[in-house]
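J.: just coords:
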Ligand code: OGA
Ligand code: MN
């Protein structure tokens with residue numbers, strides 16, 4: 001993995017970074033086969049949107065189904081993906097002093113017609129999320145099929161096609177983004193690099 005444009009510089013200057021074919025074909029093929037098998041076994045659940053989310057409200061905001069990766073029981077393909085996440089974590093800590101402690105990830109499926117309305121990824125209940133990552137898994141994605149990730153950057157809207165092996169990173173706290181509905185199942189891995197929870201403030205009376 002040799003990024004075209006330095007990752008840390010892009011994140012620091014523009015708040016996002018992306019690269020096509022970031023992950024190797026054999027790895028994304030394995031991950032795709034894995035997500036398809038899990039999807040066919042029905043092992044996904046509707047993603048939440050927070051405490052105030054009724055089923056109706058949720059489907060208007062986000063229509064994806066997810067399956068979290070279990071850190072203690074990763075498959076071989078997930079381990080291999082995780083090694084690259086660890087490498088990125090190391091790089092971001094070294095270059096940007098982010099103090100990232102761990103990463104988390106889930107598979108996501110957006111069935112045809114489902115979307116995720118404009119949002120940021122750092123919710124009130126997850127202040128530790130620093131950098132979001134998305135890796136796409138569908139081979140042979142055609143632009144006509146929709147499913148773009150739209151980033152609302154300072155320079156304007158950036159659209160990313162969900163093509164197999166493409167990796168996108170962006171700031172979880174401020175980068176607004178949305179997922180456009182597609183005409184076929186859209187498979188991805190969404191992940192977050194998290195910093196350590198802040199230690200409670202201790203007031204020392206002299
Ligand atoms: C998310 C998200 C973007 C994508 O899961 O929070 O915004 O392109 N995903 O799947
Ligand atoms: Mn998001």
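T.: Perfect, thanks for sending it. What you see is a predicted model; the values in this text were computed from it and never measured. Ligands and ions are numbered 1, 2, ... in the order given.
J.: so which bits of the protein are right by ligand 1?
T.: 108, 116, 121, 134, 149, 177, 179, 188, 190 (CB under 6 Å from any ligand atom). C-betas here are computed from N, CA, C, even on glycine.
J.: any idea which of the residues you listed the model trusts least?
T.: Lowest pLDDT of the residues of the chain next to ligand 1: residue 121, 93.
J.: between the residues of the chain next to ligand 1, which sits nearest residue 64?
T.: Nearest to residue 64 among the residues of the chain next to ligand 1 is residue 108, at 4.7 Å by CB to CB.
J.: ok, back up a step: which one of the residues of the chain next to ligand 1 is nearest residue 141?
T.: Using CB to CB, the shortest approach to residue 141 within these belongs to residue 188, at 11.0 Å.
J.: check contacts around that closest one.
T.: Under the criterion of CB atoms under 8 Å, 6 or more residues apart in numbering, the neighbours of residue 188 are 107-108, 110, 134-137, 162.
J.: kindly write the ChimeraX command that selects the buried subset of the residues you listed.
T.: Only the buried entries of those go into this ChimeraX selection, using 16 or more other CB atoms under 10 Å:
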select :107,108,110,134,135,136,137,162
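J.: for the contacts of residue 188, give me a markdown table that also has secondary structure.
T.: Formatted as a markdown table, those follow (DSSP: H, G, I helix; E, B strand; the rest coil):
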| residue | secondary structure |
| --- | --- |
| 107 | strand |
| 108 | strand |
| 110 | strand |
| 134 | strand |
| 135 | strand |
| 136 | strand |
| 137 | coil |
| 162 | coil |
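J.: in stretch 160-174, which residues are buried?
T.: Neighbour-count burial for stretch 160-174 [16+ other CB under 10 Å]: 160-172.
J.: what's the longest helix anywhere in the chain in contact with?
T.: Counting residues, the longest helix found in the chain (DSSP state H) is helix 76-96. With CB under 8 Å, 6+ apart as the test, helix 76-96 has contacts from 1, 7-9, 11-12, 23, 27, 30-31, 34, 69, 74, 98-100, 102-103, 105, 131, 133, 135, 169, 189, 191, 193.
J.: many thanks, we can stop here.
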